[in-house]
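# Build me a structure from this.
(one chain, ligands or ions: 1)
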Amino acid sequence: MAAAAAGATPATARKTLFTTTVTLLSSSLTRSSSSSSRSRSLSCSAASAAAPRLAPQPPDLVRWVQREGGFVHPALRVANHPEHGLGVSAAAPDGDIPPGDVLIALPGRLPLRLRRPTGAADDVLVQLAQQVPEELWAMKLGLRLLQERAKSDSFWWPYIANLPETFTVPIFFPGEDIKNLQYAPLLHQVNKRCRFLLEFEKEIQQKLHTVPSVDHPFYGQDVNSSSLGWAMSAASSRAFRLHGEIPMLLPLIDMCNHSFNPNARIVQEGSVNSLDMSVKVVAEKKIEQNASITLNYGCHPNDFFLLDYGFVITPNPYDQVELSYDGTLLDAASMAAGVSSPNFSAPAKWQQDILSQLNLHGEGAILKVSLGGPDIVDGRLLAALRVLLADDPEALHKHDLKTLMSLDVQAPLGPAIEASALRTVLALCAIALQHFHTKIMDDEAILRGGPPLTTELAVQFRLQKKFMIVDVMQNVSRRIKMLSPQKSTA
Ligand SMILES: C[S@@+](CC[C@H](N)C(=O)[O-])C[C@H]1O[C@@H](n2cnc3c(N)ncnc32)[C@H](O)[C@@H]1O
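Okay, here's the model as predicted:
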């Protein structure tokens, strides 16, 4: 890949990935008779709605799990879900499955994870994995997946053959749809991942150039940013972290789709490194005939679901917008809200002390705060607003930080300060809304037009952020109204 691509914008990075992808599309994705006996092609293609599987007619995953010593409840089937791709559902002809029943059990040898090196090829793989930053753990596991995908007689082939050929994560979006996200924190993450993949491709190719062919971790296969992106997305969208926090790919279990209100959960038995380790999916509720088996992937904002899994939840009660705690921005927001002479950019010493306790001031301060999610207003932001709008340090002594950070504790410093703090939050919401270039109506019109999948995901993502901000504004406005009318003027 060209050196200039290392500093690529999301658009150019995507273009480069896409170019690689298109070039590789001509090679076979399946066990081809022309490939060497040790290796299988690592090529990938771009995202599509109903992702085909790596093998056009993959082996039966349920049967493979059973054959290898796993348990699958007789009622379970892998079936197409109209919106979520493949899923696991209960087709019990003889009734419901009661809570507590084991649905799937995998013996310790079925999960796919990074392993202790067993030879020179594994040593190289571990060295490559060590070059990946911890936050991109999915790439580390992805390298292991690529190794097994490249191996023609892999034990995990029946599992790998059933993996999607493409993913709808934003690293594979056309440049226009990356721009369509309109949300800087996510754009930053996408850009970072694209740049990493392009750099890592070069590092891997340099390293593999010097490795004898018998020690090649990918059996002589070329690895590029496109195949690396496929592997990273497969791992980020399907791996589970169990007790040991070691991420693993769990065959069949990873066919279960997500719900915040799931009917099943994962249970790990035995320690991660012990031979008797097993992973089970257990029914949490009564599972009725034809119900999908769902797991909760985590209570996260849509940024996480889109970046790692390639989908957006509508509505998502955990969605939020991030902003940076910044005195000048808060002064501007406060003034726009009609608060007289706010003092955010020049706090008094006693206010600075409290900001330090909130980790919003001084060395190592974490300035990222949020609006939305279950807390509605980030507790640290709320406490800072309350404290900086107060002019009497004495009034604060009665309250601990927990009280100051809670929106449920009504007006701890009095209704006038509370009204000013909440109005500042309203102004911050208005500023956050203005960062999106399009209006809610525009987004809704685009979605009604049935756009391509990647455009739909990007527009749905930003639309949900806007709905969430409007919800926060309504909630905060209600709270302002509930404050005593005569004292609520700043
Ligand atoms: C662990 S896999 C589940 C199996 C997957 N549906 C498949 O076809 O292989 C996770 C992927 O399923 C899809 N998915 C799972 N839950 C979803 C949901 N609630 N809404 C939309 N897509 C979902 C997303 O594509 C996600 O990346």
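# Quick check: residues of the stretch 301-450 of the chain near the ligand?
Residues of the stretch 301-450 of the chain lying near the ligand by C-beta under 6 Å from any ligand atom: Tyr309, Gly310, Phe311. (Glycine included, C-beta is placed from N, CA and C.)
# from these, which would you call buried?
Burial by neighbour count, 16 or more other C-beta atoms under 10 Å: within these this picks out Tyr309, Gly310, Phe311.
# Out of those, which sit inside strands?
Using DSSP state E, no member of these falls in strands.
# Pipe the residues of the stretch 301-450 of the chain next to the ligand into a markdown table and attach pLDDT per row.
What follows is these, written out as a markdown table (pLDDT from 0 to 100):
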| residue | pLDDT |
| --- | --- |
| Tyr309 | 98 |
| Gly310 | 98 |
| Phe311 | 98 |
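# and of those, the nearest to Asp177?
Nearest to Asp177, judged by C-beta to C-beta, of those is Gly310 at 12.2 Å.
# so the closest one touches Ile171, yeah?
No: counting by C-beta atoms under 8 Å, Ile171 is not a contact partner of Gly310; they are 9.6 Å apart.
# Residues that sit against both of these two, list them.
Both Gly310 and Ile171 are in contact with Ser233, where contact means C-beta atoms under 8 Å, 6 or more residues apart in numbering.
# Domain map for the chain?
Following the TED database, one finds the domains of the chain at 40-297, 320-483.
# pLDDT below threshold where in the stretch 1-150 of the chain?
1-50 (pLDDT under 70).
# and the residue in it that the ligand sits nearest to, how many neighbours does it have?
Minimum separation of the stretch 1-150 of the chain from the ligand (C-beta to the nearest ligand atom) falls at Gly85, amounting to 2.8 Å. Counted with other C-beta atoms under 10 Å, residues neighbouring Gly85 total 16.
# Show me what it bridges to in the sheet.
His81 (DSSP bridges).
# how much space between it and Asp353?
52 Å (C-beta to C-beta, to the nearest Å).
# Then Asp96?
59 Å.
# Leaving out chain neighbours, which residue sits closest to Ile480?
Nearest residue to Ile480, sequence neighbours excluded (C-beta to C-beta, 6 or more residues apart in numbering): Leu422, at 5.0 Å.
# Quick check: that neighbour is in a helix.
Yes: the assignment for Leu422 by DSSP: H, G, I helix; E, B strand; the rest coil puts it in a helix.
# can you point me to the longest helix in the protein?
Longest helix in the chain, counting residues (DSSP state H): helix 453-482.
# Counting by contacts, list what that helix packs against.
Judged by 3 or more C-beta pairs under 8 Å, 6 or more residues apart in numbering; DSSP states H and E, helix 453-482 is in contact with helix 175-179, helix 302-304, strand 320-324, strand 368-372, helix 415-434, helix 440-448.
# how much distance is there from stretch 451-470 to the middle of the chain?
Mean-position distance between stretch 451-470 and its chain equals 16 Å (C-alpha atoms, centre = their mean, to the nearest Å).
# Wondering if that stretch reaches the ligand at all.
No: against the ligand, stretch 451-470 shows no contacts by C-beta under 6 Å from any ligand atom, the least distance being 10.0 Å.
# surely the residue nearest to Ile480 meets Arg478?
No: if you go by C-beta under 8 Å, Leu422 and Arg478 don't touch, sitting 9.9 Å apart.
# between the two, who's got more neighbours?
The neighbour comparison of Leu422 against Arg478 (other C-beta under 10 Å) goes to Leu422, with 25 against 10.
# related to what we said a few turns ago, for Gln130, state which of the residues of the stretch 301-450 of the chain next to the ligand is nearest.
Closest approach between these and Gln130, by C-beta to C-beta: Tyr309, at 26.0 Å.
# which residue sits closest to the closest one, ignoring its sequence neighbours?
That would be Ser237: by C-beta to C-beta, 6+ apart, it lies 4.6 Å from Tyr309.
# Over to Arg77?
Leaving out its chain neighbours, the residue that sits closest to Arg77 by C-beta to C-beta, 6+ apart is Ala91, at 4.9 Å.
# backbone phi and psi for that neighbour, please?
Main-chain torsions, Ala91, degrees, to the nearest 10: phi -110, psi 30.
# Going forward, the N-terminal residue is numbered 36.
Right, with 36 as the first residue, what we last looked at is Ala126.
# Spit out the contact partners of it.
Ala110, Leu111, Arg112, Ala114, Gln324, Asn325.
# Columns neighbour count on top of those residues, output as CSV?
Shown next, in CSV, are those (neighbours: other C-beta atoms under 10 Å):
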residue, neighbour count
Ala110, 20
Leu111, 22
Arg112, 15
Ala114, 14
Gln324, 14
Asn325, 12
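# Report the separation between Val204 and the ligand.
Using C-beta to the nearest ligand atom, to the nearest Å, Val204 is found at 8 Å from the ligand.
# tally of neighbours for that residue?
Val204, neighbours per other C-beta under 10 Å, totals 24.
# tell me the contacts of the spatially closest residue to it that is not a sequence neighbour?
Excluding its sequence neighbours, the residue lying closest to Val204 (C-beta to C-beta, 6+ apart) is Gly345, at 4.3 Å. Residues near Gly345 by C-beta under 8 Å, 6+ apart: Ala82, Phe202, Thr203, Val204, Pro205, Ser268, Ser272, Leu492.
# Is the fifth one in contact with Leu341, as I believe?
Yes: with contact defined as C-beta under 8 Å, Pro205 and Leu341 form a contacting pair (6.2 Å).
# who has more neighbours, those two?
Pro205 (29 against 26).
# how near is that one to Ser441?
Counting by C-beta to C-beta - Pro205 and Ser441 are separated by 35 Å.
# With Arg415 instead?
11 Å.
# Please apply the same query to His432.
Distance from His432 to Ser441, by C-beta to C-beta: 17 Å.
# Neighbour count for the two, which is higher?
Neighbour totals were compared for His432 and Ser441, and Ser441 leads with 16 against 8 (other C-beta under 10 Å).
# mind checking the SS state of that one?
Ser441 ends up coil, using three-state DSSP.
# residues contacting it?
Contacts of Ser441 (C-beta under 8 Å, 6+ apart): Gly414, Leu417.
# Does the nearest residue to Leu149 once chain neighbours are set aside lie in a helix or a strand, and which?
Distances taken as C-beta to C-beta, 6+ apart place Arg179 nearest to Leu149, at 5.1 Å, with adjacent residues excluded. Assigned by DSSP states H and E, Arg179 belongs to helix 172-185.
# so does that helix get close to the ligand?
No: Helix 172-185 stays clear of the ligand (C-beta under 6 Å from any ligand atom), getting no nearer than 11.9 Å.
# So what touches that helix?
By C-beta under 8 Å, 6+ apart, helix 172-185 touches 74-75, 77, 89, 147-150, 156, 160, 163-164, 167, 189-192, 195, 231, 235, 252-254, 256, 258, 262-263, 265-271, 274, 282-284, 343.
# Fine by me, thanks again.
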